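Visitor: Just a sequence and a predicted model for now, questions to come.
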Amino acid sequence: MIILPAIDIKDGNCVRLFKGDFNTVHKVAECYMQTAKSFEKSGANWVHMVDLDGAKDGVVTNADIFIEVAKNTSLKVELGGGIRSLDTVEFYLQNGISRIILGSVALKDPNIVKVACREFGERIAVGIDAIDGKVAAEGWVETSDIDYIELANRMYEYGVRYIIFTDISKDGMLEGPNFEQLDALVKDVRCDIIASGGISNIEDIRLLKKRNLYGAICGKSIYEGSLDLDTAIKMASN
């Protein structure tokens, strides 16, 4: 299982939110590059980055930051947030980003996902963020009537290999991920699943690995010290 430490960017700063609420934004690190290099030093191969400004406003906002991390570290950058067009997907992939996460467009303009998968294959992932099992969009400020399993299966048919699943109620709460919903995804969907939201400690990593997930995204737990990244990477890779 791959561990993907997370860097969320808003207004050029490394921040975290509680349950996706933009009113709870707080800074967690002084420098995104120093943070990325610390992840690299801990043995991470990937970093999960999110353009929170882009996610909320639907426009590319912090592109220079993500490209800089990709070019100046050995980390593979997985990037999401506000990526709503094929032009943006192509721009990032041509500038060193390893994997693009499509979120809101999977719900609102799924043909973009279909075409992106046809053109870029495994470099495309879909982020499915849910509240009570229903998919949210537009930086989590809108909720749909679409079930997360239904959307995941639809994305598989479009050629998506990787699904990043977040139970929004768990995000930033350090109370553990939603194992029940993750179990349902693994059972019912043929994509590789990356767990996100709520991961608190090494026991959560052990339980996620036991479920044969492809990956786990860890953010607040690293910044607050409840999860040691070096230890998590070693456990996940053994």
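Guide: Arrived safely.
Visitor: drop to CA atoms for contacts and neighbour counts, all remaining ones
Guide: Noted.
Visitor: Got the confidence number for G139?
Guide: On the pLDDT scale, G139 is placed at 52.
Visitor: Over to M33?
Guide: 96.
Visitor: which residues touch it?
Guide: Contacts for M33 were tallied using CA atoms under 8 Å, 6 or more residues apart in numbering; they are V69.
Visitor: Can I take it that it is in a strand?
Guide: No. With DSSP: H, G, I helix; E, B strand; the rest coil as the criterion, M33 is helix rather than part of a strand.
Visitor: what about the protein, any weak spots by pLDDT?
Guide: Applying pLDDT under 70 to the chain picks out residues 18-23, 138-142, 173.
Visitor: residue boundaries of the strands in it?
Guide: For the chain, strands defined by DSSP state E occupy the ranges 2-10, 13-18, 21-29, 46-51, 76-80, 99-102, 124-131, 134-137, 142-147, 162-167, 192-196, 215-218.
Visitor: Let me have the ones you listed in CSV, extended by mean neighbour count and distance to L229.
Guide: Conversion of those to CSV gives the following (neighbours: other CA atoms under 10 Å; distance: least, CA to CA, whole Å):
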stretch, mean neighbour count, distance to L229
strand 2-10, 24, 8
strand 13-18, 21, 17
strand 21-29, 14, 15
strand 46-51, 24, 12
strand 76-80, 24, 16
strand 99-102, 26, 21
strand 124-131, 24, 23
strand 134-137, 23, 29
strand 142-147, 13, 32
strand 162-167, 26, 20
strand 192-196, 23, 15
strand 215-218, 25, 9
